[in-house]
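Asker: Model the following, please.
(one chain, ligands or ions: 1)
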Amino acid sequence: MSTVIINNINEIKNIVKEWKNNNYVIALVPTMGALHEGHASLIKRAKETCDKVIVSVFVNPIQFGHNEDFDKYPRTLDNDKKLCDELGADIIFAPTPKEMYGENNKLNNTDLTFVCPPYSLVDCLCGKSRPGHFDGVATVVLKLFNITNADFAFFGQKDAQQLFIIKKMVKDLNLNINIIPCPIVREPDGLALSSRNSYLSREERAWALSISKAIKQIDTLFNQGINDTNILFDSALSVLNKNLEIEYIEFRDFETFEKVKSAKENTLAAIAVKSGKTRLIDNTIL
Ligand code: PAF
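Answerer: Next up, the predicted model:
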């Protein structure tokens, strides 16, 4: 059976109501489309866990800053559908910004109720250079949870800060949904899969390979017993290609999200850089 594309909120709510009446367990895989093997791994996991799988494909205007890539973000719904067909997803939910936010669907939205995650979680790492980004993410994710009434939602660990913030939102707002984190999927040469990799020139891609090498280096040193994050930082820095613009290399406890001086199990080591104009992130949980 092929995947059905639905653009309308009421339509998907009616289908979900029927599924719930039949006691089906529902999965949501939230995405912005331009699906790749990383997304495929989430959809496969969702299929294994649940009776019905909804993949949302929505480039969410309210999580992009004014100088960011909202307009050029790849939109490839035909290919996305092919992948969802192959993987057996039941529905692609692909609303328009107007369907999601009514007339208030512009970037600088002042007439919308937002979810604001705690300042301590957004004023750091990616949130530092992307003010308002995680408010936009949390808001759309809560809307998607409410629209789909999903029992499980699947998120990639690559966006570790996003994952942490969503888990916190679920806890703080008592949402009835289980968040399933899924491992980072990489190209054979180590580059973490991202829809934004398509922006990279050949040269920028070659520089970007050093990001996963730096992550691997942190893992290796930690496994050799080195905990001092200054040493881990310097070592990662020495591996990163000099043409990359480094935004951060940080170590945070993945239980509390506090910065740590001494890495231990469950410490997040995260890197963000720009290769040319493209912002790339990668991480490991030690
Ligand atoms: O990770 C993403 O693709 C997006 O931030 C998400 C979770 C789909 C919300 O727009």
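Asker: for the longest helix seen in the chain, which positions count as buried?
Answerer: Using DSSP state H to define each element, the chain has its longest helix at helix 202-223. For helix 202-223, the neighbour count (16 or more other CB atoms under 10 Å) marks 204-205, 207-208, 210-212, 214-215, 217-218, 221-222 as buried. The C-beta positions use only the backbone N, C-alpha and C, and glycine is treated the same way.
Asker: near the ligand, which residues of the chain?
Answerer: Taking CB under 6 Å from any ligand atom as the contact definition, the chain meets the ligand at 30-32, 60, 63, 137, 140-141, 159, 162.
Asker: Which of those residues fall within helices?
Answerer: 137, 140-141, 162.
Asker: among these, which ones are buried?
Answerer: Here, 16+ other CB under 10 Å leaves 137, 140-141, 162 buried among those.
Asker: now for these, which pair is the farthest apart?
Answerer: Farthest apart among these by CB to CB are Val140 and Gln162. That separation is 11.2 Å.
Asker: any idea how far Gln63 is from the spatially most central residue of the chain?
Answerer: The centroid of the chain falls nearest to Asp159 when counting by CA atoms, centre = their mean (4.2 Å). According to CB to CB, to the nearest Å, Asp159 and Gln63 sit 11 Å apart.
Asker: pLDDT below threshold where in the stretch 51-200 of the chain?
Answerer: Within the stretch 51-200 of the chain, the ranges that satisfy pLDDT under 70 run 106-108.
Asker: tell me the contacts of the residue of it found nearest the ligand?
Answerer: Residue nearest to the ligand within the stretch 51-200 of the chain: Asn60 (4.0 Å; CB to the nearest ligand atom). By CB atoms under 8 Å, 6 or more residues apart in numbering, the residues touching Asn60 are 32, 97, 100, 136-137, 140.
Asker: Quickly name whichever of these is closest to Asn14.
Answerer: Nearest member of the contacts of Asn60 to Asn14, counting by CB to CB, is Met100, at 17.4 Å.
Asker: and the closest one, helix, strand or coil?
Answerer: Three-state assignment for Met100 (DSSP: H, G, I helix; E, B strand; the rest coil): helix.
Asker: Then the one 4 residues further on?
Answerer: When classified by three-state DSSP, Asn104 comes out as coil.
Asker: That one touches Thr113, doesn't it?
Answerer: No: counting by CB atoms under 8 Å, Asn104 does not reach Thr113; the two are 10.0 Å apart.
Asker: So for these two, which residue has more residues nearby?
Answerer: Legend: neighbour count by other CB atoms under 10 Å for Asn104 and Thr113, higher for Asn104 (16 against 8).
Asker: what residues are up against the more buried one?
Answerer: Contacts for Asn104 (CB under 8 Å, 6+ apart) come out as 111-112.
Asker: Need phi/psi at it.
Answerer: Per-residue torsions, Asn104: phi -90, psi 50 (degrees, to the nearest 10).
Asker: roughly how far apart are it and Ser194?
Answerer: Distance from Asn104 to Ser194, by CB to CB: 29 Å.
Asker: swap in Leu280?
Answerer: For Leu280 relative to Ser194 (CB to CB), the value is 7 Å.
Asker: Of the two, give the one with the bigger neighbour count.
Answerer: Between Leu280 and Ser194, counted using other CB under 10 Å, the more crowded position is Leu280 (26 against 23).
Asker: Val141 contacts Pro30, doesn't it?
Answerer: Yes: using CB under 8 Å, Val141 makes contact with Pro30 at a distance of 6.1 Å.
Asker: Find residues that contact each of these two.
Answerer: With CB under 8 Å, 6+ apart as the test, Val141 and Pro30 both reach Ala153.
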